[in-house]
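Enquirer: Model the following, please.
(2 chains)
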Amino acid sequence: MAGLLKQRNIIAVLIVFAIVFPFITNNNYFIHIMTLAFIWIIGVYGLNLLAGYTGYLSLAHAGFFAIGAYSLALLTTKAQMNYWLAFVLALIITSVLGMIIGLISLRTKEHFFAIYTLCVGYIIYLVIDKWDSLTGGVRGLIGIPAPGNIGPIEFNTPISNYYLVLFFLLITVLVVYRIVHSLTGRTYIAIRNSEDLAQTIGINTMKNKLMVFVISTFFAGLAGALYASFIRFIGPDIGYITITFDLLTYLIVGGIGTLSGPVIGTILIVWVSQQLQFLQDYRMMIFGPILTLLVIFYPRGISGGFIDWRAKRKEKKQNQLNLENQQMLSAQETSAASNKNG
Amino acid sequence: MVFLETKNLTKKFGGNTAVNNVDFTIEKGKINAIIGPNGAGKSTFFNLVSGFHPPTSGQVIFKGKDITKLPSNKIAELGVARTFQTTNLFDQATVLDNVIVGHRLRTKSNLFDAIFRTKRLKQEEKQCRDKAIEVLDFVGLTDVAYKLAGSLSQEEKKRVAFALGLATDPEIIFLDEPAAGVNPDETDGLAELMEKMVERGITVCLIEHKMSMIMKLADKIMVLSYGEKIAEGTPEEIQNNEAVIKAYLGGSAIA
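Expert: Numbering: from 1, shown residues only, chains lettered A, B, ... in the order given. Predicted coordinates for the structure are as follows:
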């Protein structure tokens, strides 16, 4: 119970910190970086549900991110739609496309699935890049409006955008938390462990996999839509493979299949790469080795490594306790026996 | 009424006939065993019955219902459980956590329930947890319920596999080599557990290589060789069956 309270305290402190952060820094650039990091985290959570909890490594995530972003951008700029209506529609479009692609791609497994989705992601990128009349091709789309007013609240300052994204991030974390800690989440984990076993204990694996694929693309679309209205300009490169691998790197560093992993990994990498910006592309010379070492020694990332360490320590303590109890019991028995004899 | 039966069950993988025209009936409340040399098609037979592979021809009938074309999760819902030779558990989670999902097929809560933490979800979560505790107690793993699955012994893992199968509330359970890789004392323990299942009213059907165990335990044995049924009967009948001896020891031993 103490552990739970402690965990709760940490979460509360983090949320409070996130809320007061803009007042601490007062630096618009930092707020900008943080908002972007939050957007990435939402996408990483989507990827985590699918790759981390269900065991299906999708490499099409930048594609769905771009679909969300472009849907919002096109609906607001070309169709002149109300922002929030376009926002909701963008999420629906991404999810529906996710469902269609999921129906096909989920017929494959493991590395075949990864390669298939890699191709799907690239095709999405190509479609965006080449469909000049709709997407503007390499020129991209400009003049995407900021999020529309909600009653008296306006979203045209960096701080207000920061809070809007934070709001969506908190909802994302809550939803993912609840999914993971429910029978539905247990079902996904069972599929990850062994799809054959999951099916024999009566789980409709295709239905569940499709569901999680759609949720996963939904979050990618959400991140994309927020990105479009935050940056206000998008080009086809947001759908490129590098974005997928960025998301994946955040997830692996933070801890794949853990709840805190996406937050830890994304914020850590985004800040470290900010600090190392003076190195320009040579940054990768630092990132590469660190990432390799991390994957070798902590395959479940920072968060996963910590969880394993804690579990091991707990078990050690428990074993020691059992041993002590046994010793005490045997000591009591011998003393009782000697009393009897005496 | 016959409990579970196969009629002319055949499975071909390309030109290779893994299971050939097998008629087999499983009696309710008994321990049924399938034996045979390596590669005889025993596991394939299991896979056909539990819906893992569609048979090339023939039928599987469970309680008068044709289940030949049903997917394995639907067959599980009807009350047919199975275990695998090796069970992949989630090593970083506790044994209890691993078994809870076994009762998932009897629950209805969906994503909506999960996101909004509905009353139904809470109630069904409790139901699954209670079931997991119950079956872990039944297989004798109460002591390790809160240990990490990764720290279990081979025999304990076998018992977890049983528990997972039992958590689905089956009427019949198919066990694929339940005693493979465990020592003789532990084998006796697992045999007792199978008898306990039968007492509980669960029909057992197992594949096993350990003859001494099978001959003591089984009420009825079917022998497969090269995909064909070569004998069926009580342990005494099987032990004295010439075709069986020939299949196991080779042709010359008979003469």
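
Enquirer: Quick check: phi and psi at A:Arg300.
Expert: A:Arg300 adopts backbone torsions of phi -100, psi 20, taken as degrees, to the nearest 10.

Enquirer: burial count for it?
Expert: When neighbours are counted by other CB atoms under 10 Å in any protein chain shown, A:Arg300 registers 20. (Each C-beta comes from the backbone N, C-alpha and C, glycine too.)

Enquirer: Now the stretch 201-342 of chain A against chain B: closest residue?
Expert: Closest residue of the stretch 201-342 of chain A to chain B, CB to the nearest CB: A:Gly202 (2.8 Å).

Enquirer: Just confirm that residue contacts B:Arg104, I think it does.
Expert: Yes - A:Gly202 lies in contact with B:Arg104 (CB atoms under 8 Å); the separation is 6.9 Å.

Enquirer: three-state assignment of the residue nearest the centre of chain A?
Expert: With distances taken as CA atoms, centre = their mean, A:Tyr45 lies nearest the centre of chain A, 1.9 Å away. For A:Tyr45, the assignment made with DSSP: H, G, I helix; E, B strand; the rest coil gives helix.

Enquirer: hang on, isn't it packed against A:Pro262?
Expert: Yes - contact criterion CB under 8 Å: A:Tyr45 and A:Pro262 qualify, at 5.0 Å.

Enquirer: which residues does the residue of the stretch 151-255 of chain B found nearest chain A contact?
Expert: Evaluated by CB to the nearest CB, the stretch 151-255 of chain B has B:Thr168 as its residue closest to chain A, separated by 5.3 Å. By CB atoms under 8 Å, 6 or more residues apart in numbering or on different chains, the contact list for B:Thr168 reads A:Ile201, A:Gly202, B:Ala76, B:Gly79, B:Ala81, B:Gly102, B:His103, B:Leu105, B:Arg106.

Enquirer: try it again with 10 Å
Expert: A:200-202, B:76-77, B:79-82, B:102-106, B:131, B:135 (CB atoms under 10 Å, 6 or more residues apart in numbering or on different chains).

Enquirer: Let me know the closest of these to A:Gly137.
Expert: Among those, B:Arg104 lies closest to A:Gly137 (CB to CB), at 47.9 Å.

Enquirer: where does the closest one fall, phi/psi-wise?
Expert: Residue torsions, per degrees, to the nearest 10, at B:Arg104 are phi -50, psi -40.

Enquirer: Could you pick out the longest helix of the chain?
Expert: With no chain named, the answer covers chain A. helix A:301-341 (DSSP state H).

Enquirer: looking at chain B here, not the other one
Expert: Per DSSP H, chain B has its longest helix at helix B:119-138.

Enquirer: For the chain, which segments count as strands?
Expert: Using chain A. For chain A, the strands defined by DSSP state E occupy A:141-142, A:233-234.

Enquirer: Please refer instead to chain B.
Expert: Going by DSSP E, chain B shows strands at B:4-13, B:16-26, B:31-35, B:57-62, B:65-66, B:80-82, B:172-176, B:203-207, B:220-225, B:228-233.

Enquirer: Chain B versus A:Ile142, what's the distance?
Expert: In this view, A:Ile142 and chain B are 36 Å apart by CB to the nearest CB, to the nearest Å.

Enquirer: The closest residue to that residue other than its chain neighbours - how many residues pack around it?
Expert: Spatial nearest neighbour of A:Ile142, excluding adjacent residues (CB to CB, 6 or more residues apart in numbering or on different chains): A:Phe233 at 5.0 Å. A:Phe233: 11 surrounding residues under other CB under 10 Å.

Enquirer: Okay, now the unreliable bits of the stretch 151-255 of chain B?
Expert: By pLDDT under 70, the low-scoring segments of the stretch 151-255 of chain B are B:249-255.

Enquirer: Quick check: residues of it near chain A?
Expert: By CB under 10 Å from any CB of the partner chain, the residues of the stretch 151-255 of chain B that approach chain A are B:Ser151, B:Ala161, B:Leu164, B:Gly165, B:Ala167, B:Thr168, B:Asp169, B:Pro170, B:Phe174.

Enquirer: In a markdown table, list those residues along with distance to A:Ser160.
Expert: Putting those into a markdown table (distance: CB to CB, whole Å) gives the following:
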| residue | distance to A:Ser160 |
| --- | --- |
| B:Ser151 | 51 |
| B:Ala161 | 55 |
| B:Leu164 | 51 |
| B:Gly165 | 55 |
| B:Ala167 | 50 |
| B:Thr168 | 52 |
| B:Asp169 | 54 |
| B:Pro170 | 57 |
| B:Phe174 | 61 |
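
Enquirer: Of those residues, just the buried ones, ChimeraX syntax please.
Expert: The ChimeraX command for the buried members of those (criterion: 16 or more other CB atoms under 10 Å in any protein chain shown) is given here:
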select /B:161,164,165,167,168,169,170,174
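
Enquirer: can you tell me which of the residues of the stretch 151-255 of chain B next to chain A are in helices?
Expert: Cross-referencing these against helices under DSSP H gives B:Ala161, B:Leu164, B:Gly165, B:Ala167.

Enquirer: Next one: the last one from B:Asn73, what distance?
Expert: Which is B:Ala167. Distance, B:Ala167 to B:Asn73, by CB to CB, to the nearest Å: 14 Å.

Enquirer: The second one too?
Expert: Counting by CB to CB, the gap between B:Leu164 and B:Asn73 amounts to 14 Å.

Enquirer: Could you report the neighbour count for residue 190?
Expert: Picking chain A for this. 26.

Enquirer: That was the other one, I meant chain B.
Expert: B:Leu190 has 22 nearby residues by other CB under 10 Å.

Enquirer: I figured it hits B:Val182, correct?
Expert: Yes - B:Leu190 lies in contact with B:Val182 (CB atoms under 10 Å); the separation is 6.9 Å.

Enquirer: what sits in contact with each of these two?
Expert: With CB under 10 Å, 6+ apart as the test, B:Leu190 and B:Val182 both reach B:Glu155, B:Lys158, B:Arg159, B:Lys210.

Enquirer: Give me the common contacts of A:Tyr45 and A:Pro262.
Expert: Contacts common to A:Tyr45 and A:Pro262, judged by CB under 10 Å, 6+ apart, are A:Gly52, A:Leu169, A:Thr172, A:Val173, A:Val176, A:Leu247, A:Leu251.

Enquirer: these two touch, right, the fourth one and A:Leu49?
Expert: What that stands for is A:Val173. No - judged on CB under 10 Å, A:Val173 makes no contact with A:Leu49 at a distance of 11.8 Å.

Enquirer: so what sits against both of the two?
Expert: A:Pro262.
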